[in-house]
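K.L.:
okay, here's the prediction I keep looking at, along with the sequence it came from:
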Amino acid sequence: MLRTPPSWQATSFSTARRHGGPATMTARGDQLSLPGSAVARRRARADAVRVLVFNAQHAAPARAWRQAEWIAAQDAADLVVVTEVGSGPGGAALTAALAGCGYGSVVAPEADAADYRTVLASRGGPLSPVPSGIGVLPHRAPAATVRVGDQPVLLLGLYVPSRGPRERRNEAKRAFQDAVAKALPGFLASFGGGPVIAAGDLNVVEPGHVPHHAVYGDWEYAFYRSFAEAGLTDAFRVLHPTAAGHSWVGRSGRGYRFDHAFVTAPHRAQVRQCAYDHAPVELGLTDHAALSLVLDLPT
């Protein structure tokens, strides 16, 4: 179960066990804001799907609270996909802080203390967890439906493992990627007609990435291609066909586009915004740029 949030946060908890679904947290109307928080409460839009992808870099509680405040202050953050969330006090603080900053529905899967997880949050309609069909490390791949205006939307958050220690190099990463690629076609087929968004930190770069990173193999490029093969389009590439779009910079100073957002191909014409924001790195909140996606909905 989720850890009890700090005393400054009044919340109610429910656990979704249908099909092994993740735990969900719903904040009550009498929720308290973060201590000293000056976050302006923003209202969710009904005419556009606005998603923010944010890597928490396994933040400790104090930094997690600051992360939640920054996230809540962003216009394009009605729905949030937070990756690399720890399973200890920092992760519990983040979910409670999101609720305290106006995210009334939070999907926070249980995970082993040694692993990270992906968290989904909404400040608009409630998230309803659904099975993703991803049987390997499912806490890294929660899925939920949400209504934006009159439109149902399906959201899948993903956090692909890193390459791992030398003695188990790429084992978890490859197993998780294979499970995602296998599940994607059925996952999309299970949802009738509305937009599907798959977003998160994939820990891979696209074919033709600039600069080229020799460490990536064909199996990792095949994983990136599996999204298009399942019927999803890289939203950043819809608007920025040639931009580098680096979201993480290594110690060598070379950039990587690790963080991605994909939308169902029939909805690619509705992509109005998809951009990286490096302010979280400059503010010392995380080592990844945030990625914002805005998808117009027909009126």
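P.N.:
Great, that's in hand. Numbering: from 1, shown residues only.

K.L.:
quick one: low-confidence parts of the stretch 151-299 of the chain?
P.N.:
Scanning the stretch 151-299 of the chain for pLDDT under 70 picks out the ranges 163-170, 208-217, 247-250, 253-255, 299.

K.L.:
could you pull out the helices in it for me?
P.N.:
171-189, 218-230, 235-239, 279-282 (DSSP state H, counting those that start in this stretch).

K.L.:
show me what the last one is packed up against.
P.N.:
Using 3 or more C-beta pairs under 8 Å, 6 or more residues apart in numbering; DSSP states H and E as the contact criterion, the neighbours of helix 279-282 among helices and strands are helix 61-72. For glycine as for every other residue, the C-beta is placed from the backbone atoms N, C-alpha and C.

K.L.:
near T242, how many other residues are there?
P.N.:
Using other C-beta atoms under 10 Å, T242 has 8 neighbouring residues.

K.L.:
cool, the one 3 residues further on as well?
P.N.:
A count of nearby residues for G245, using other C-beta under 10 Å, gives 22.

K.L.:
which one is it nearest to, not counting chain neighbours?
P.N.:
Closest residue to G245 apart from its sequence neighbours, by C-beta to C-beta, 6 or more residues apart in numbering: R257 at 4.9 Å.

K.L.:
so which of the helices of the stretch 151-299 of the chain gets nearest A68?
P.N.:
With C-beta to C-beta as the criterion, A68 lies closest to helix 279-282 of the helices of the stretch 151-299 of the chain, at 11.8 Å.

K.L.:
give me the residues contacting that closest one.
P.N.:
By C-beta atoms under 8 Å, 6 or more residues apart in numbering, the residues outside helix 279-282 that reach it are F54, Q67, W70, T286, D287, H288, A289, A290.

K.L.:
how about stretch 62-72?
P.N.:
Stretch 62-72 is contacted by residues 34, 37, 39, 41-42, 52, 54, 56, 59, 77, 80, 82, 90-91, 93-94, 97-98, 100-103, 123, 279-280, 283, 285-286, 290 when judged by C-beta under 8 Å, 6+ apart.

K.L.:
which of these count as buried?
P.N.:
Among these, those classed as buried by neighbour count (16 or more other C-beta atoms under 10 Å) are 34, 37, 39, 42, 52, 54, 56, 59, 77, 80, 82, 90-91, 93-94, 97-98, 100-103, 123, 280, 285-286, 290.

K.L.:
out of these, name the ones that lie in strands.
P.N.:
Judged by DSSP state E, the subset of the buried ones among the contacts of stretch 62-72 located in strands is L52, F54, V80, V82, A290.

K.L.:
could those go into CSV alongside distance to L202?
P.N.:
Formatted as CSV, those follow (distance: C-beta to C-beta, whole Å):
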residue, distance to L202
L52, 16
F54, 14
V80, 17
V82, 15
A290, 15
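
K.L.:
so which of these is the closest to R268?
P.N.:
Comparing these against R268 with C-beta to C-beta picks out L52 as the nearest, at 19.6 Å.

K.L.:
so that closest one bridges to which residues?
P.N.:
According to DSSP bridges, the partner residues bridging L52 are V80, S292.

K.L.:
do the same with A143
P.N.:
Per DSSP bridges, residues listed as beta-bridge partners of A143: V130, L156.

K.L.:
try D201
P.N.:
Residues in beta-bridge contact with D201 (DSSP bridges): Y159, D259.

K.L.:
just checking, it touches A289?
P.N.:
No. Look at D201 against A289 with C-beta atoms under 8 Å: they stay out of range, at 10.8 Å.

K.L.:
hey, what's in contact with both of the two?
P.N.:
Residues touching both D201 and A289 comprise D259, with contact defined as C-beta under 8 Å, 6+ apart.

K.L.:
once you drop chain neighbours, what's closest to T83?
P.N.:
Y159 (3.9 Å).

K.L.:
actually, H278.
P.N.:
Among residues not flanking H278 along the chain, A289 sits closest, at 4.6 Å (C-beta to C-beta, 6+ apart).
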